[in-house]
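**Student:** coords please:
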Amino acid sequence: MKIGIANDHRGYHMKEFLKIYLDKLGYEIIDYGCDSEDPVDYPKYAFMVGEAIRDKKIDFGILICGSGIGMSIACNKVKGVRCAKVSDEEEAKITRIDNDSNVIAMSYHIGNEQAENIVYAFLHTKFSDLERHRRRVEMIDNYFNDN
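**Tutor:** I've put the predicted structure just below:
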C-alpha cells in the first residue's frame, strides 16, 4: 500500500517521525515535501497529495500543518479527495467508516504518539460499505463546485 505524506514548515518534524513509523509498519511512503522548517505555502503540498489520490498514485494521504485545517480545505478542492481534519483516533476511525476518507490532515500540536495512534487507526479501519454511507460518499464525489 502506498501512502503519500506532506507537510508545511510546522509539520516537518512530525512528518519525518511518521515516515519512520510507516516504514516500520511496512508501507511504501511517497514524500511530497516540504523538506525543511523554512516557511512555505501549504496549499501546494496539499494539492500534490490530493492529485496523487485523484491519479491513483497513492492509496491514502497524510497531511500535517499548523492546525490541519488549511491543508484539509486545500486538499478537498481536488476532485475525488475526501480529506478529514482529525484530532484523535476516534475521529480517524469514524471518517473511514462513515466517509471512506482517503486523506487525513493533522495539527503538529498533537504530538508524535497521538499522531501514530491516529495514523494506525486511519490505515487499519475499513469503510463500512453500508448503503447509506455509499450513497452519501457518492453525493460528495459527484458534487461540482460550480453548482
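**Student:** how about residue 97, what does it touch?
**Tutor:** Contact analysis of residue 97 by CB atoms under 8 Å, 6 or more residues apart in numbering lists 125, 126, 127, 128, 133. Where C-beta positions appear, they are placed from N, C-alpha and C, glycine not excepted.
**Student:** show me where this structure has strands.
**Tutor:** 2-7, 28-31, 60-65, 83-85, 103-107 (DSSP state E).
**Student:** can you redo these as a markdown table with distance to residue 18?
**Tutor:** A markdown table is the format used below for the strands of the chain (distance: least, CB to CB, whole Å):
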| stretch | distance to residue 18 |
| --- | --- |
| strand 2-7 | 6 |
| strand 28-31 | 9 |
| strand 60-65 | 7 |
| strand 83-85 | 16 |
| strand 103-107 | 9 |
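**Student:** save those as TSV, and put in mean pLDDT, mean neighbour count and distance to residue 93 too.
**Tutor:** Listed next are those as TSV, based on pLDDT from 0 to 100; neighbours: other CB atoms under 10 Å; distance: least, CB to CB, whole Å:
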stretch	mean pLDDT	mean neighbour count	distance to residue 93
strand 2-7	98	24	17
strand 28-31	98	15	22
strand 60-65	98	27	14
strand 83-85	98	24	11
strand 103-107	98	27	11
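**Student:** can you say which of those is nearest to residue 137?
**Tutor:** Closest to residue 137 of those, according to CB to CB: strand 83-85, at 12.3 Å.
**Student:** just the CA atoms of stretch 119-139, as CSV, please.
**Tutor:** Output of stretch 119-139 as CSV, limited to C-alpha atoms (Å, rounded to 0.1, in the frame of the first residue of the first chain):
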residue,chain,number,x,y,z
VAL,A,119,-2.4,7.1,11.6
TYR,A,120,-2.7,3.5,12.7
ALA,A,121,-6.5,3.9,13.3
PHE,A,122,-6.9,5.6,9.9
LEU,A,123,-5.0,3.0,7.9
HIS,A,124,-6.5,-0.1,9.7
THR,A,125,-10.1,0.9,9.7
LYS,A,126,-12.3,-0.1,6.7
PHE,A,127,-15.2,1.7,5.1
SER,A,128,-18.5,0.3,6.4
ASP,A,129,-19.8,0.0,2.9
LEU,A,130,-23.4,0.4,4.2
GLU,A,131,-25.8,1.6,1.6
ARG,A,132,-26.4,4.9,3.4
HIS,A,133,-22.7,5.6,3.6
ARG,A,134,-22.1,4.7,0.0
ARG,A,135,-24.9,7.0,-1.1
ARG,A,136,-23.5,9.9,0.9
VAL,A,137,-20.0,9.4,-0.4
GLU,A,138,-21.4,9.3,-3.9
MET,A,139,-23.2,12.5,-3.3
